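S.K.: Compute the structure for the input listed below.
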Amino acid sequence: MNLKSKKINMETKSNIYTKLLAFQKLGISVKKDGKNPHFKSNYATLNEVLDKVKKPLNDLGVLIIFTPDTDGLTTTLLDTDSQTFVTGLMKYTNCDTPQKVLSCNTYYRRGSLVSLLALEDEDDDGTKASEPVKPSKQSLTDAGFQKALVRITTGEVGVIEKLQSAFILTAEQKKELTKILA
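M.R.: Presented below is the predicted three-dimensional model:
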């Protein structure tokens, strides 16, 4: 995340930094209310984070602004009194459809607030994030695929959907299914 801040007038008694310090002194923590079955971990959801931080920040005169653009999502914490602010940009990666962009924005909004506000979050030393993802589905054997083809050709309903949801299909198997559907 790229961080930027507006230069502040040192004569200003109240600015974004003094307000963020006041916020941190409140000792607000977030509950890990979400479960990630993929990594078998818990995390604080966006709703949990916003529920815990929005009112205290607003009470201090700090506004949260999320600005999506073609590069990524910028999160700004603006002190409405002094007009000083801090921002963080999280660049989009693998967000090539509207659904993925919305998912990225949810994830990035949570992540940027946790980072900018120094909220307690699950410690990740990089090990979990860099581990290869184990597929949740197994590959379909040729014998199993042949049995499924027999079921499809005899008119059994829902076989293709079951195959696609339960197994990783090879390119050849996908090609064969495409021929059947044509």
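S.K.: I'd like the mean pLDDT over the strand or helix carrying K175, please.
M.R.: Per DSSP states H and E, K175 falls inside helix 171-181. Helix 171-181 carries an average pLDDT of 83.
S.K.: tell me which residues in the top helix by length along the chain are buried?
M.R.: Using DSSP state H to define each element, the chain has its longest helix at helix 98-116. Across helix 98-116, burial judged by 16 or more other C-beta atoms under 10 Å covers 104-105, 108-114, 116. Yep, even glycine has a C-beta here, placed from its N, CA and C like the rest.
S.K.: so which of those residues comes closest to V86?
M.R.: The closest of the buried residues of helix 98-116 to V86 turns out to be L116 (C-beta to C-beta; 6.4 Å).
S.K.: Quick check, pLDDT for the closest one.
M.R.: 94.
S.K.: Can you tell me the SS state at the residue nearest to it when sequence neighbours are not counted?
M.R.: Sequence neighbours aside, G88 is the residue nearest to L116 in space, at 5.3 Å (criterion: C-beta to C-beta, 6 or more residues apart in numbering). Classification of G88 using DSSP: H, G, I helix; E, B strand; the rest coil returns strand.
S.K.: Can you list the residue ranges for strands in the chain?
M.R.: 2-5, 34-36, 41-43, 62-68, 72-79, 85-91, 138-139, 167-168 (DSSP state E).
S.K.: so which of those strands gets nearest V53?
M.R.: Nearest to V53, of those and by C-beta to C-beta, is strand 62-68 at 7.7 Å.
S.K.: helices and strands around the closest one, which ones?
M.R.: With contacts taken as 3 or more C-beta pairs under 8 Å, 6 or more residues apart in numbering; DSSP states H and E, strand 62-68 sits against helix 16-25, helix 46-59, strand 72-79, helix 98-116.
S.K.: Given the third one, what are its sheet partners and their directions?
M.R.: The partner list of strand 72-79 in its sheet, established with DSSP bridges, is strand 62-68 (antiparallel), strand 85-91 (antiparallel).
S.K.: Export these to CSV and append columns for mean pLDDT, distance to N36 and mean neighbour count.
M.R.: Output for the strands paired with strand 72-79, formatted as CSV (pLDDT from 0 to 100; distance: least, C-beta to C-beta, whole Å; neighbours: other C-beta atoms under 10 Å):
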stretch, mean pLDDT, distance to N36, mean neighbour count
strand 62-68, 96, 22, 15
strand 85-91, 94, 18, 18
